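Engineer: here you go, sequence then predicted model.
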Number of protein chains: 2
Amino acid sequence: MSQIADTPKPPYYAVIFTSFRTDGDNGYADAAARILDIARQQPGFLGYESARQEMGISVSYWESLEAIRAWKEHPEHRKVQENESLWYRENRIRICKVERDY
Amino acid sequence: MSQIADTPKPPYYAVIFTSFRTDGDNGYADAAARILDIARQQPGFLGYESARQEMGISVSYWESLEAIRAWKEHPEHRKVQENESLWYRENRIRICKVERDY
């Protein structure tokens, strides 16, 4: 069951991933689940939220920029990044510092 | 047609609004459209992205914290904020500084 991420008091970090999918699965569902598994196992992972209609928006929350970098550079994540164009016709990643929440 | 926001080079700001709706419209669609209209007319508005499955995630992008504050304090936006519990059974707002994007 998806729910709003139970993040701690700011400051912390967010990765906003906005995308449009290509047609067909092409291994996407498995890869996406695996990347989220890896995120959950990383030190500094704080939570995850995701929704897709035509556009998809996924936000992962992290303790630090270092934690984000370690996730990004995980060998399986790197491999997935190489296949990105199979799954997304367009995407954008934004690395943010969450300064306030309520 | 929704599309990925064409934001400028960082730094800029993002407001991540994560929510679960209540049942029924209760004036939600009109109010949401109006609040987005007001955002688009505000100085410093940079773009908007939104998706909803069960969870909804909307992200608006802004030049500055001052621009976000002016939008939040717009009289029509304040009135809408008072009715929030009609539309959302749960929601969270995160104010972020976008440090990097790609």
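Structural biologist: It's in.
Engineer: near chain B, which residues of chain A?
Structural biologist: Contacts of chain A with chain B, taken as C-beta under 8 Å from any C-beta of the partner chain, map to A:2-5, A:7, A:10, A:14, A:16, A:18-20, A:49-57, A:59, A:90-102. All C-beta spots, glycine's among them, are computed from the backbone N, C-alpha and C.
Engineer: and the residue nearest to A:Leu65 when sequence neighbours are not counted, what does it touch?
Structural biologist: Spatially, and ignoring its direct neighbours in sequence, A:Leu65 is nearest to A:Tyr13 (6.2 Å; C-beta to C-beta, 6 or more residues apart in numbering or on different chains). Residues near A:Tyr13 by C-beta atoms under 8 Å, 6 or more residues apart in numbering or on different chains: A:Tyr61, A:Trp62, A:Glu63, A:Ser64, A:Leu65, A:Ala67, A:Ile68, A:Ile95, A:Cys96, A:Lys97, A:Val98.
Engineer: show me the contacts for the closest residue to the fourth one other than its chain neighbours.
Structural biologist: The shortest distance from A:Ser64 to any non-neighbouring residue, by C-beta to C-beta, 6+ apart, is to A:Gly44 (5.6 Å). For A:Gly44, the set of contacting residues under the criterion of C-beta under 8 Å, 6+ apart consists of A:Trp62, A:Glu63, A:Ser64, A:Glu66, A:Ala67, A:Ile68, A:Ala70.
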